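**Q** I'll drop the sequence and a predicted model, then ask my questions.
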Amino acid sequence: MPSDSLPKATFLPDLHRYIYPDLQLEVILDHFREDSREGLHAEMTVTTAAEPNPGLLYDDKINLSSARSKADASKAISARLDDSVDVQGIVVQVCSISKRKWREGAPTTILADATPRGAARYLLYPLIEQGAISLLYGDGGSAKSTLALAAAVSIATGRNLLGSGKLTQANVMYADWEDDAATHNERLQAICHAASIPVPRNLFYRRQEASLAQAISTLRQECAIHNIGLFICDSIGLAGGDEPEAAATKLALFGAARTLGVSFLGIDHVSKTDSRKPYGSVYTRNIARLLWAVDKAPKPNDNRLTIALRNEKSNASRLHRPLAFHLDYTQDPNDRLIDLSISSADYSAIPDFMGAQKLGDQLTSVFWAEKRPLTTEELRKALSAQGLDYSEDTIRKELDRHIRFASDGTTGGRGNKAHWTLVSHDPPPSEATDAPF
């Protein structure tokens, strides 16, 4: 068989299939991964229907950039095929085509012809952006998975359990690398029971072992079969399948996530050195479009956990105001969860959260709570009521320093007696019911 004979080829984002009809031979390359030092790797599966050895001929990793790796694969396949077949030519050919196809990416298009986004920028305002990668991250025990499950129930049922913002109803896939179906089912039943809503039948669950990048072909098929609108990844660290600090791990994970073609919500832990950042490579923060840090109140009681969400990044808008929720748990005598109710809380009224913020964020919270222009004296008194003591001069300097604040020129200019207002941090009111004052 001449090596320049072109096979029938099918290309999916992470699976390339080659069929040589005359040879009754099929070659599949999938689970691609490129390393800057060693080149492009994949898994190769070779099968044949021809005698004398029909069936599987080869199933192993191959380095598409290595002559030695291709030679080793050719030798292993040749041992089970007729000598007339140019196995080395086939291996070199499919590796060359796949390497070029993998690196060329999507075709060039005219930007003006691109399809605009739908009317709603958010799948669940303001926590999950439509068709993008959003992230919840926080320390252990901050109810990140519970919060994500509540978001899943909200989107699956069309009933917002996390506030009054608009949402788009859709089917949801919860991919779990950390826990099991029984644990999430108990939470699901308790959330729905507390909210007096039926348990949704369009919230799907998968217990995962292989990394997201390795399992992406199957996951993409499952998303298509079940018409998934939101994919939840719990958690980013384990779903990476390798060192979470490594840039290559995060690039592979988020690269795979993008091929799902749906809204993506990842759950992650915090950095060892900075609780305001997600754990591991800086690519986590750089690639995600929307980042929410989750904190828990340091003194929870037995049946209530209070959590706060701080918007640390938003590519589509200015930063959103902080959010807070009370999670109230009811358990039976065997400690099984019966009810899990979630209610909105006043972030600015919780001293533990206010004290952990920077002054600019504290001032923002006061403006949102008061919903009116304020003088530096009024701001100082409001912060003092929260146990936060600043001078008016310190407050004025902070107001001057940030573009998020503006003074009212009709009330005395930029002095201590000026009235200040908050420039909107949120998208237009069409997305939210709690628009800025």
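**A** Ah, there it is. Quick caveat, the model's predicted, so the values are computed rather than measured.

**Q** three-state assignment of the closest residue to Pro298 other than its chain neighbours?
**A** Once flanking residues are discounted, Pro298 sits nearest to Asp352: 5.7 Å by CB to CB, 6 or more residues apart in numbering. Every C-beta, even on glycine, is put in place using the N, C-alpha and C of the backbone. Under the three-state scheme (DSSP: H, G, I helix; E, B strand; the rest coil), Asp352 adopts helix.

**Q** quick one: neighbours of Asp352, just the number.
**A** For Asp352, the number of neighbouring residues by other CB atoms under 10 Å comes to 14.

**Q** same thing with Asp328?
**A** 15.

**Q** and the next helix or strand past the helix or strand containing Leu265?
**A** Using DSSP states H and E, Leu265 maps to strand 263-268. Using DSSP H and E, the helix or strand that follows strand 263-268 in sequence is helix 283-287.

**Q** tell me who's in contact with Leu253.
**A** Ser211, Leu212, Ala213, Ile236, Ala239, Gly240, Gly241 (CB atoms under 8 Å, 6 or more residues apart in numbering).

**Q** re earlier: correct me, but the residue nearest to Pro298 touches Ala297?
**A** Yes: counting by CB atoms under 8 Å, Asp352 touches Ala297, with 5.0 Å between them.

**Q** quick one, what contacts Pro54?
**A** Thr48.

**Q** quick one: low-confidence parts of the stretch 51-200 of the chain?
**A** 117-119 (pLDDT under 70).

**Q** the same query, at a cut-off of 80, please.
**A** Within the stretch 51-200 of the chain, the ranges that satisfy pLDDT under 80 run 105-106, 115-120.

**Q** which helix in this protein runs the most residues?
**A** helix 87-104 (DSSP state H).

**Q** can you list contacts of that one?
**A** 1-4, 7, 9, 11, 16, 18, 20, 25, 27, 29, 32, 34, 40, 42, 62, 64-65, 70-71, 73-74, 77-78, 81.

**Q** burial of the closest residue in space to Ser344 that isn't next to it in sequence, as a residue count?
**A** What sits nearest to Ser344 in space, not counting adjacent residues and going by CB to CB, 6+ apart, is Gly163, at 5.5 Å. Number of residues near Gly163 (other CB under 10 Å) recorded here: 19.

**Q** Gly163 and Ala324, how far apart?
**A** 10 Å (CB to CB, to the nearest Å).

**Q** one step back: mind checking which of the contacts of helix 87-104 are buried?
**A** Neighbour-count burial (16 or more other CB atoms under 10 Å) is assigned, among the contacts of helix 87-104, to 7, 16, 18, 20, 25, 27, 29, 32, 34, 40, 42, 62, 64, 70, 73-74, 77-78, 81.
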